[in-house]
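Student: No letters, just coordinates:
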């Protein structure tokens, strides 16, 4: 018996973007339904459970934040916000309301699909009681958003947690400077590599046994950073995100 294909509700008021997203998801085997307004989205979400919702914030009848708030009153469906708004405070507000991820336009379909799969995996883990990501001695708790080493909780700032979580989602693989800068500070800061260097240095002070000889948060020369389970290796990894500009 064949597996039931995953379903996605695309909430977007621009027809061209809806068609593009539909094509991308259908190529990956998703069953797709579209909604162009907030009222339409909430009605569709109540009518039938979905495996994923992508939500544009700038809808004609209501702000996307109100949709997230209403949805989280009765549904735990994985929800990815898709918006041109890159303001950090806006991202934090949406995460606090219950969004699983936030993608800033413009973006590549491959990136959105990767985030979609990650969000669905996280929800499965939470539904089955598996709410942790383990990397060597590190445990990253998804709910609440905390980190512990050998059972002892480590106090992290929101940006430190975000960096660690992004790297943990691609454990063993190099994640580029540009990708990390975009995800943590927004697309206007993809060339501000010094922001990332400072954040990495602070995080290493908290998670490494010897921050001067890192064994967990490693530098991928001329590329970015990667997280490993305590054993440094330069082989068998792949690169996440675009290569940084020289």
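Tutor: Happy to help now that I have it. This one's a predicted model, so the numbers in the text were calculated from it and none came from an experiment.
Student: care to break this protein down by domain?
Tutor: The record assigns the chain these domain ranges, following automatic domain parsing: 7-127, 132-240.
Student: mind putting these in TSV, mean pLDDT and mean neighbour count included?
Tutor: Quick note: C-beta positions are derived from backbone N, CA and C, even for glycine. As requested, the domains of the chain are exported to TSV (pLDDT from 0 to 100; neighbours: other C-beta atoms under 10 Å):
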stretch	mean pLDDT	mean neighbour count
domain 7-127	89	17
domain 132-240	80	16
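Student: Tell me what the residue nearest in space to the middle of the chain is bridged to.
Tutor: Nearest residue to the geometric centre of the chain (C-alpha atoms, centre = their mean): residue 101, 4.6 Å. As for beta bridges, residue 101 partners with residue 80 under DSSP bridges.
Student: contacting residues around it?
Tutor: With contacts taken as C-beta atoms under 8 Å, 6 or more residues apart in numbering, residue 101 has the following neighbours: 80-81, 115, 118-119.
Student: run the last query once more with 7 Å
Tutor: Residues in contact with residue 101, defined by C-beta atoms under 7 Å, 6 or more residues apart in numbering, are 80, 115, 119.
Student: From residue 216, how far off is the nearest residue to the second one once chain neighbours are set aside?
Tutor: The one in question is residue 115. Beyond its immediate neighbours in the sequence, the residue positioned closest to residue 115 (C-beta to C-beta, 6 or more residues apart in numbering) is residue 101, lying 5.0 Å away. Taken as C-beta to C-beta, to the nearest Å, the spacing of residue 101 relative to residue 216 amounts to 24 Å.
Student: Check residue 30 too.
Tutor: The gap separating residue 30 from residue 216 is 35 Å, by C-beta to C-beta.
Student: Pretty sure residue 174 sits against residue 218.
Tutor: No. If you go by C-beta atoms under 7 Å, residue 174 and residue 218 don't touch, sitting 8.8 Å apart.
Student: Return every residue with contacts to both of these two.
Tutor: residue 226.
Student: those strands in the chain, which residues are they?
Tutor: Chain-ordered strands for the chain, with DSSP state E as the definition, fall at 7-11, 31-35, 52-56, 79-83, 101-104, 132-135, 138-141, 146-149, 152-154, 174-176, 217-220, 224-227, 239-240.
Student: Output those strands in TSV, with distance to residue 44 appended to each entry.
Tutor: As requested, the strands of the chain are arranged in TSV below (distance: least, C-beta to C-beta, whole Å):
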stretch	distance to residue 44
strand 7-11	6
strand 31-35	5
strand 52-56	9
strand 79-83	13
strand 101-104	20
strand 132-135	32
strand 138-141	32
strand 146-149	35
strand 152-154	40
strand 174-176	35
strand 217-220	42
strand 224-227	38
strand 239-240	33
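Student: Which residue, neighbours along the chain excluded, lies closest to residue 157?
Tutor: Closest residue to residue 157 apart from its sequence neighbours, by C-beta to C-beta, 6+ apart: residue 202 at 7.9 Å.
Student: With residue 158 as the reference, measure out to residue 175.
Tutor: 18 Å.
Student: What of residue 182?
Tutor: Using C-beta to C-beta, we find residue 182 at a distance of 16 Å from residue 158.
Student: Break down the protein into its helices, ranges please.
Tutor: 15-27, 38-47, 64-71, 88-97, 109-127, 158-168, 177-185, 193-207 (DSSP state H).
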